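J.: Fold the following.
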Amino acid sequence: MGKETLEALSPRKRGPKAKRPDPLARRIAELERENQKLEKKFKTAETIIEVQKKTSEILQIPLTESGEKNS
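T.: Take a look at the predicted model:
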């Protein structure tokens, strides 16, 4: 018997073949997680800025464009 015949008679695993993980799909998932974290930080920063603005209005402290008090 030849090599090809022996390979043809050898047992094979049944079912679908395992797929190699797609490096692009993994990178996309990683970037989506990072994007969610950054969006959460951004919303927190927006909330802090709004609170600072309202506090400034209540205390009648004018703010400059950079958010610092005028001297």
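J.: From now on I want contacts and neighbour counts done on CA atoms only, so please keep to that.
T.: Fine.
J.: Gln52: neighbouring residues, count only.
T.: Look at Gln52: counted by other CA atoms under 10 Å, it has 14 neighbours.
J.: Helix, strand, or coil at it?
T.: For Gln52, the secondary-structure state derived from DSSP: H, G, I helix; E, B strand; the rest coil is helix.
J.: From Pro62, how far out is it?
T.: 11 Å (CA to CA, to the nearest Å).
J.: swap in Arg26?
T.: 48 Å.
J.: Next: Lys17.
T.: Distance of Lys17 to Pro62, given as CA to CA: 67 Å.
J.: what about Arg26 and Pro62, which has more around it?
T.: Taking other CA under 10 Å, Arg26 and Pro62 do not tie; Pro62 has more neighbours (14 against 11).
J.: Surely the more buried one and Lys53 touch.
T.: No. Under the criterion of CA atoms under 8 Å, Pro62 makes no contact with Lys53, lying 9.1 Å away.
J.: what packs against the helix or strand Ala29 falls within?
T.: Using DSSP states H and E, Ala29 maps to helix 23-59. For helix 23-59, not one helix or strand is in contact under the criterion 3 or more CA pairs under 8 Å, 6 or more residues apart in numbering; DSSP states H and E.
J.: For that helix, the averaged confidence score.
T.: Averaging pLDDT along helix 23-59 gives 96.
J.: Give me the distance from that helix to the chain's centre.
T.: Relative to its parent chain, helix 23-59 has a centroid offset of 12 Å by CA atoms, centre = their mean, to the nearest Å.
J.: Buried by neighbour count: which residues of it qualify?
T.: Lys53 (16 or more other CA atoms under 10 Å).
J.: Now do the end-to-end distance for stretch 8-27.
T.: 39 Å.
J.: ditto for stretch 18-26
T.: Taking CA to CA, the first and last residues of stretch 18-26 lie 16 Å apart.
J.: what's the distance between that stretch and the middle of its chain?
T.: Here the centre of stretch 18-26 is set off from its chain's centre by 18 Å, with CA atoms, centre = their mean.
J.: who's in contact with that stretch?
T.: Applying CA atoms under 8 Å, 6 or more residues apart in numbering, stretch 18-26 turns out to have no external contacts.
J.: swap the cut-off to 10 Å and go again
T.: Taking contacts as CA atoms under 10 Å, 6 or more residues apart in numbering, the residues outside stretch 18-26 that touch it are 29-32.
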